[in-house]
Structure formats: C-alpha cells, structure tokens
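Colleague: The following comprises the amino acid sequence and a computationally predicted model.
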Amino acid sequence: MLGTLSPSHGADRHHFIELITEVFNMQLPSICRETRHTSRMTESPFPMVCMLAVLVTIMAGCAAPLYVTNRELQTRKNTIRTMGLLPPMIMMYELQYGDKVMPKDEWSREATESIRQAFINEMAAGNLPLIDIGGDDQELNDMADLYNAVDFSIQRHVYGEWAHLYGEEKMEIFPEKLRSFDYAVGPVSEAMERHQVDAVWLIKGFTLKPTTGAQVEEAVGFILSMLGSYGSGGGGAPISKKSELRAALVDKSGVILFYCGLENSDIEEAGRNPDQIINLMKGEQPNPNAEDAHTNNQDIRNQETARRYIRKLLAEYRKAVAK
Amino acid sequence: MSYSVISSCIVVIALALTGCTLGWKPTRGVQTLRYQVPISGSPLNVDANDTSATKSVASTRVSFVLPDGWHWVMRGDDLIATRDGVFLQNIHYERIGINQVKQSDGMFPLAALSSKQWPFRMVPYLKKRLELGMSPADAADVVLSSRANTPGVSDFEIQEVVMQEIGGYQGFKAVYDFKLAVYDFRFKDRQRMTAYKAVCFGFMRNEWFYGITYTAARRYYFQKDAGVTDSVLQSFRLIEK
C-alpha cells in the first residue's frame, strides 16, 4: 500500500459521527423497549459493540488517505533538488441560503496570492530551493489544463470524493489505483529544464464562505438532524467541506510522484500552536492573526490559514519521502 | 442479540455491498449488451401522423472485448469504460433508435457519478434526426453535429471523416478535437479547458445507430491508449439471434 490511511480524515469522521448518530436515533426506541420489558440491553453492551464494530470496519474501508505516492518517489526523490511552483488555482465561493454557490473572483485572487506567498515562505523556512514559475509557459499551461482532469480523476477514483455525501460508498474507487498510484500528465522535461527545476508543484483549492443565511440554515439543519426528524439525514448537507487544498508534485517525466488532499478539519486537528498556548498561559495578548485563523480557518485568504495548509502539506510530503 | 440490532447490521452491510456492486466493475473478457428496447416518442417535432415509432423494433445485441485493466459501468443503455477516469480516457458504446428522444441515466442516477457527467450524450443535443436507411456520411453528420452542440464543448474541429466497415456493416470513422471544462459539479466553475481528441465509429442497422467512441485527453492519454481502439473494433460483433 503506497498511500497512508488516515481514519481521522475530516469528511469521513464527520460522516462517521452522522452515521453513529443516525444509528443511535434508530436504535434508541428499541433499546428503551428492551429495557422496559426485559432489561437485556442494559445487562450487556455486546450487541451495540457488534454494531459499532460493523460500522467501524466499513468506515475504515472508506477512509480517504491524506496523501498517495507513486512508487517512483523513493527512487527519484534524490534527484529532486530545485522545485518549481506553478500559479495556484484557488477558488473562493460564497455559500448562500439553499446551498447556492456564487464564485467570487476578487476573493479568489486574494486566496491564490495567500497560498502562493505561504508556499514560498514555508519552502524558504525549510531551506528547500524553490522557483516561482509564472503562468507564461505554454507547455506548462497545457500540463496544468490536463492536470485539472487528472485531479478530478484522482479525487473520484483514489479518494472516492463526494461518494459519502450521496450514499454511494466506494462506487467510484478503483482499488488498483490505491494499491499503485500511477497518474501522470505527460513528459515536461524541456519546460522544466527551461526553468531549471527538477519537479513542479501544482496546487488547487477552494473555500466556501457561508453567508449568515447559510450559517443559520446549517445550524437549523444540524439541530433538526440531531433530533432525528430531518428526513433521512444520512448524507447531511450536500456541501459539507468548507475549504480544501490539493497539491501534486510532478517530475520531468510527467509522473505525479506525490498527491495530497487536505481539508479544513486536517488543519484544525493541530488547534492552536503551542507557542500561542504558552503565551496565553503567561497572560500575554493573543496574536490576532493566529487567533483569527483559529476561529476562521476555513478562509484560505487568511494568511495564517494559508500557512497552516502549506505547513501541513509539506509535513505530509516530508513523511512520504522519509519512508 | 436483539432483532433490531441484527437487522440494522444486515441493512448496513447490504448498503455497503450495494455500493460495491452498483459502481465501476473491472473488465473481464467478452462483454455482451442485451437488446435495447426503443424509447417511444418523436424527436425534433416529427409529424404526429408518422407511424414509424410504432413499428420500432428492439436493437440487436452486441458483443465486444474491453481492454484488460479497465473498468466499465452502464449509463442507462450505454456502456462506458475507462482505465484512469472518464475525463482522461473512455470508450463509449451507444445504440440510438431513430425515434429516440431520451437517454436514461439508469435506475441509479448517482451511481458512478462521473459517468453521468461525461462522456457525450447524443440524443438531447441532436440537431438533425437519424433516419431509416441513412448513408454512413449522413449518419456521421448527425452524430458530429450533436457532439458539437453539447453544452460545455468548445473549439470543436472535425479532423477526418471516412467510410469504414465495422463488424461487417458499412459505417464511418470520424476523428475530431474539442475542448471541455472539467469541473467539480458542486461549483460548476469552468476555469480551465482541457483539450481532447476522439475517434467515433458508427453505422446504421435497421432503425438503430450503433456507435463506438474512444475519447481521451489530447495530451499524453490519447496516445497512451490509442491501441485499444483497434482491438475493441476488431472484437465488435452484432448478435443477430
């Protein structure tokens, strides 16, 4: 298995919680009946443990990897000295009442710049040579155009993206792609030599910024689903993720050596960084940028949020090459 | 263990298994598509007195061999196969009745969702109608005009249309290029257009059009899998009885 499985992946965890909630909603009346009449369910937790075991087993199979690697990464990683960065493709949308999604061009430009700058800064902080390649190279632009379709395919067939939202678990996964990740975008050695890089990063992402109406709708929907009276509720809202960053490292042969998909919950896991906690314990004023990012880590325009995404991405890359 | 817990477990397992069987399946040897019943109706405002629809007969069954390592799924009556994903490369088998006005997505419209997004659907975008006894050149014209008329397709350019025998029937081979925005269906933003190349083989047999189309991203993927077109075409057969 070339990819690592992370059962804590946000969307699946969210889905798992929903599923558990739903099962408990479904089970509670029968448990109550059992308790009233025979008290069997209170004597032994075994049936519920079995139920949870089944669910956990199924969910484990559905867990999406944070990153996947081509088997060539281990042999080619030593040949990669200087990396290039193509202009990130970050989109921002306003999520309005009724799950209407409106693209926001100005916000998208700001988010793209935040990610680009964060990437440059984090690479410099890690002493990793980087060349910021603009968007003028036709060959690399062609590659980026194709990458759009490749990225779509990876999400569908490696990550099984969106499947959990519609109750079509695993229907789109190609198991052999998980066993041997082998997507490519075609040779780009000439273009990379022109820019004196050994590999390039392609970065895509989005943020959905909900309006007040959408937030109210989501909160009401959540409360209703918790009460067990919100339709089937199995899939939750059609759009559950609020932000996402996906990145691929492509070498001269066009092979995608490393691919990583992160969402807001993946950078939430770290919570506040330790420095902030120590500062707060000392009674110092919190860093407004960092605090803002902590409470608003869904907006990629926020520099702290962008930095966290890139830091997590590079941490995953380091893990992959360290294997 | 209580009945409710057991039944819940069974439901959960059944749902998971259903998910596994409704999706993409690995290719294995000879594939046979059962006959297709015509969907009644009159395309493109056909004269109401035209009784040809009532005379419609089912299509013939077809068989072919899909390449190893690919996956296939039925989108209604169409078969779609791919190795890496439909937006990277696909083979699409379609049978269209001359009076057909709809193309179904099948009973489970959300199953194997990417196959519902792509490839082309011919019927909804027909500009001309297929007709009984149509020449291969005219059939090619109908097919290509529908392709060019498909929403999201741009820079459609026909490279070549030649007559070719397919499974023993006189048909056509058409090569065309186009661009398409591959988009996340949640957002429908069309930032980048990906360039594609396609080879379509088709012929008319009685009241049905039979088509096999290989479409792939022009960069890298078209050449990578170009060989499959010949092998698939070689294996294509109509099963008359």
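Modeller: The structure has been received and is ready for your questions. Numbers count the residues shown, from 1 in each chain, chains lettered A, B, ... in the order given.
Colleague: Could you measure from residue A:308 over to chain B?
Modeller: Separation of residue A:308 from chain B (C-beta to the nearest C-beta, to the nearest Å): 23 Å. Placement of C-beta: from N, CA and C, glycine included.
Colleague: Not counting its neighbours along the chain, what's nearest that residue?
Modeller: Once flanking residues are discounted, residue A:308 sits nearest to residue A:267: 4.3 Å by C-beta to C-beta, 6 or more residues apart in numbering or on different chains.
Colleague: low pLDDT regions in the chain?
Modeller: Picked chain A for this. Applying pLDDT under 70 to chain A flags the ranges A:1-64, A:161-170, A:228-241, A:269-297.
Colleague: my bad, chain B
Modeller: Along chain B, segments meeting pLDDT under 70 span B:1-3, B:5, B:8-21, B:38-56, B:183-191, B:241.
Colleague: Walking through it, point out its strands one by one.
Modeller: Using DSSP state E, the strands of chain B run over B:25-26, B:30-33, B:61-65, B:71-75, B:78-82, B:89-97, B:153-166, B:169-181, B:193-205, B:208-217, B:237-239.
Colleague: Adjacent strands (with direction) for the shortest one?
Modeller: Here strand B:25-26 has these sheet partners by DSSP bridges: strand B:71-75 (antiparallel).
Colleague: in the sheet, who's paired with the nearest residue to residue B:153 once chain neighbours are set aside?
Modeller: Excluding its sequence neighbours, the residue lying closest to residue B:153 (C-beta to C-beta, 6+ apart) is residue B:178, at 5.1 Å. For residue B:178, the beta-bridge partners are residue B:196 (DSSP bridges).
Colleague: Contact partners for residue B:178?
Modeller: Contacts for residue B:178 (C-beta atoms under 8 Å, 6 or more residues apart in numbering or on different chains) come out as B:147-148, B:153-157, B:195-196, B:198.
Colleague: Just give me the closest of these to chain A.
Modeller: residue B:195 (6.8 Å; C-beta to the nearest C-beta).
Colleague: I'd guessed that closest one sits against residue B:221; true?
Modeller: No: Residue B:195 lies out of contact with residue B:221 (C-beta atoms under 8 Å); the separation is 10.6 Å.
Colleague: With neighbour numbers in mind, choose between those two.
Modeller: Legend: neighbour count by other C-beta atoms under 10 Å in any protein chain shown for residue B:195 and residue B:221, higher for residue B:221 (26 against 17).
Colleague: how about that one, what does it touch?
Modeller: Per C-beta under 8 Å, 6+ apart, neighbours of residue B:221: A:146, B:84, B:88-89.
Colleague: Also residue A:187?
Modeller: By C-beta under 8 Å, 6+ apart, the residues touching residue A:187 are A:252-254, B:220.
Colleague: Separate out the buried members of the residues you listed.
Modeller: For the contacts of residue A:187, a neighbour count by 16 or more other C-beta atoms under 10 Å in any protein chain shown gives the buried set as A:252-254, B:220.
Colleague: Pick out the most distant pair among the residues you listed.
Modeller: Greatest spatial distance among the buried ones among the contacts of residue A:187 (C-beta to C-beta): A:252 and B:220, at 13.7 Å.
Colleague: which residues touch the nearest residue to residue B:62 once chain neighbours are set aside?
Modeller: Leaving aside its sequence neighbours, residue B:62 sits nearest to residue B:33 (C-beta to C-beta, 6+ apart; 5.0 Å). Residue B:33 makes contacts with B:61-63, B:77, B:79, B:93, B:95, as judged by C-beta under 8 Å, 6+ apart.
Colleague: re the thing from before, overlap in contacts of residue B:195 and residue B:221?
Modeller: residue A:146.
Colleague: Okay, and residue A:110 sits in which element?
Modeller: helix A:105-125 (DSSP states H and E).
Colleague: Equivalent analysis for residue A:305, please.
Modeller: helix A:303-322.
Colleague: now the angle from that helix to helix A:105-125?
Modeller: Angle, helix A:303-322 to helix A:105-125, by axes from the mean of the first three to the mean of the last three C-alpha atoms, to 10 degrees: 50 degrees.
Colleague: List the residues that contact residue B:79.
Modeller: Residue B:79 is in contact with B:31, B:33, B:72-73, B:92-93, counting by C-beta under 8 Å, 6+ apart.
Colleague: could you redo these as TSV and give each row distance to residue B:203?
Modeller: Shown next, in TSV, are the contacts of residue B:79 (distance: C-beta to C-beta, whole Å):
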residue	distance to residue B:203
B:31	19
B:33	15
B:72	22
B:73	24
B:92	15
B:93	13
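Colleague: Of those residues - the most surrounded one?
Modeller: Ranked by neighbour count (other C-beta under 10 Å), the contacts of residue B:79 have residue B:92 at the top, with 24 neighbours.
Colleague: For that one, list the residues it contacts.
Modeller: Residue B:92 makes contacts with B:78-81, B:119-120, B:211-215, as judged by C-beta under 8 Å, 6+ apart.
Colleague: Good, wrapping up.
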